[in-house]
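1. Could you look at this predicted model? Sequence included:
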Amino acid sequence: MTALLIAEHDNVTLKPATAQALTAALRMTDVVDVLVAGSNGQSVAEQAAKLSGVRTVYYADHPQLAQEAPEVLARLVLDEAEGYSHVLFVASAVGKSAMPRVAAKLDVSPVSDVLDVKGPKTFVRGIYAGSLLATVEVTDPVVVATIRTTAFEAAAQEGSAVVEEVIAPEGYDASRFVRFSEAKSDRPELVSARIVVGGGRGLLDEAGFKTLEAFADSIGAAVGATRTAVDMGLCPNDWQVGQTGKMIAPELYIAVGISGAIQHTAGIKDAKTVVAINKDAEAPIFEVADYGLVADGVEALEALRARLGTK
């Protein structure tokens, strides 16, 4: 069996999620090739070649792949997928969009959000917003899946795979890239941060979130939020953590004013340590927390900041 793993990158740097997905892929098959699809991203292919366990890195260069358009990516993957027993994507926005397209064209049932590997075609995935785990066995000839990378350790960078360039598909006219908007921040990236401070509607207003941000900045943490807080306009959408947001696996997650709805806790299941601060002693968040403090969130953050002596 041989797997084709689609790399996650920004055309400059290979994202850690690729190394984590590689660990899962190597538990499914003995041989893994990596496909790097991008524009002027030769350096990304060279970084992928250093991952331990990779046989060959295939690199496709095309302007339409600069923004990882799922339609174009799916066409490229279909061109390169022949002969592979597994076609694997990272469970990111692009991977979740491209993977079903590939599965449909191959006429196989897709497997989303693989959390554990029990065998070449037997996997564990979350259902009901992660409240239950299901073990599934694929009977199709080809496994097409997305990997929940926060559940796996990153592969080592001790490899020396061969890099080969492949021809990207011709232009795709059914959709086109319009613009890319990115919020600039000096904070760590939410998905890869070691420490994340998350806020919910218990912080009440923008002033409460300003206190949360100040505390996070004082300890070098990323900032996350619940969907409710985002919908209330208290923070931007890209802070959302949970089933419909980002999945994170920090060493420390501090949940402030978060009730603990299953849609949110589904996104923090892989956090190593969870600390909850909520004035409601019956809040469900305390059931998943390692440490809990029944207190007003804003007051607790100000007291912690003063105790730590941070600016």
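-> Okay, I see it. Numbering: from 1, shown residues only.

2. make it CA atoms for all contacts and neighbour counts henceforth
-> Noted.

3. Could you pull out the strands in the stretch 101-250 of the chain for me?
-> With DSSP state E, counting those that start in this stretch applied, the stretch 101-250 of the chain shows strands at 111-119, 122-127, 132-137, 143-147, 162-166, 195-199, 222-225, listed in chain order.

4. Low-confidence stretches in the stretch 51-200 of the chain?
-> Screening the stretch 51-200 of the chain residue by residue with the criterion pLDDT under 70, one finds the ranges 171-172, 182-183.

5. Show me where it has its helices.
-> Here the stretch 51-200 of the chain has its helices, by DSSP state H, counting those that start in this stretch, at 70-80, 93-106.

6. Format these as CSV; extra columns: distance to His9.
-> Written out in CSV, the entries for these read as follows (distance: least, C-alpha to C-alpha, whole Å):
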stretch, distance to His9
helix 70-80, 13
helix 93-106, 11
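
7. returning to that earlier point: just the strands of the stretch 101-250 of the chain: most buried one?
-> Using mean count of other C-alpha atoms under 10 Å, the stretch among the strands of the stretch 101-250 of the chain with the largest mean neighbour count is strand 222-225, at a mean of 29.

8. Show me what that strand is packed against.
-> strand 195-199, helix 206-218 (3 or more C-alpha pairs under 8 Å, 6 or more residues apart in numbering; DSSP states H and E).

9. quick revisit: will you turn the strands of the stretch 101-250 of the chain into a markdown table that also has distance to Ser52?
-> Formatted as a markdown table, the entries for those read as follows, by distance: least, C-alpha to C-alpha, whole Å:
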| stretch | distance to Ser52 |
| --- | --- |
| strand 111-119 | 19 |
| strand 122-127 | 23 |
| strand 132-137 | 27 |
| strand 143-147 | 18 |
| strand 162-166 | 12 |
| strand 195-199 | 27 |
| strand 222-225 | 29 |
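
10. do you know which of the ones you listed lies nearest Ala66?
-> Across the strands of the stretch 101-250 of the chain, Ala66 has its closest neighbour in strand 162-166 (15.6 Å, C-alpha to C-alpha).

11. For the helices and strands packed on strand 222-225, please prepare CSV with the additional fields distance to Val288.
-> Converted to CSV, the helices and strands packed on strand 222-225 look like this (distance: least, C-alpha to C-alpha, whole Å):
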stretch, distance to Val288
strand 195-199, 14
helix 206-218, 21
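
12. out of these, deepest packed?
-> Between the helices and strands packed on strand 222-225, strand 195-199 has the highest mean count of neighbours, a mean of 27, where neighbours are mean count of other C-alpha under 10 Å.

13. That one vs helix 206-218, what angle?
-> Computed with axes from the mean of the first three to the mean of the last three C-alpha atoms, to 10 degrees, the direction of strand 195-199 lies at 170 degrees from that of helix 206-218.

14. Quick check: neighbours of strand 195-199 in the sheet, parallel or antiparallel?
-> For strand 195-199, the paired strands and their directions (DSSP bridges) read strand 222-225 (parallel), strand 252-256 (parallel).

15. could I get those strands as JSON lines with mean pLDDT and distance to Ala24?
-> Converted to JSON lines, the strands paired with strand 195-199 look like this (pLDDT from 0 to 100; distance: least, C-alpha to C-alpha, whole Å):
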{"stretch": "strand 222-225", "mean pLDDT": "96", "distance to Ala24": "26"}
{"stretch": "strand 252-256", "mean pLDDT": "97", "distance to Ala24": "23"}
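
16. possible to save those strands as a markdown table with distance to His9?
-> Rendered in a markdown table, the data for the strands paired with strand 195-199 read as follows (distance: least, C-alpha to C-alpha, whole Å):
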| stretch | distance to His9 |
| --- | --- |
| strand 222-225 | 20 |
| strand 252-256 | 25 |
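
17. closest one to Glu158 among these?
-> Shortest distance between Glu158 and the strands paired with strand 195-199, using C-alpha to C-alpha, is found for strand 252-256: 28.4 Å.

18. Can you name the element that comes right after the closest one?
-> Per DSSP states H and E, strand 252-256 leads on to helix 262-265 as the next helix or strand towards the C-terminus.

19. what are the pairing partners of the following helix or strand past that next one, and which direction each?
-> If you walk from helix 262-265 toward the C-terminus, the next helix or strand you reach (DSSP H and E) is strand 273-277. Partners of strand 273-277 in the sheet, by DSSP bridges, are strand 252-256 (parallel), strand 291-293 (parallel).

20. which of those is buried the deepest?
-> Looking across those with neighbours counted as mean count of other C-alpha under 10 Å, the highest average goes to strand 252-256: a mean of 24.

21. I would like the residues contacting stretch 199-212, please.
-> Residues outside stretch 199-212 that contact it (C-alpha atoms under 8 Å, 6 or more residues apart in numbering): 197-198, 223-226, 228-229, 234-235, 255-259, 278, 297-298, 301-302.

22. re earlier: may I see the strands paired with strand 273-277 arranged in TSV, with distance to Phe123 as well?
-> Rendered in TSV, the data for these read as follows (distance: least, C-alpha to C-alpha, whole Å):
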stretch	distance to Phe123
strand 252-256	27
strand 291-293	31
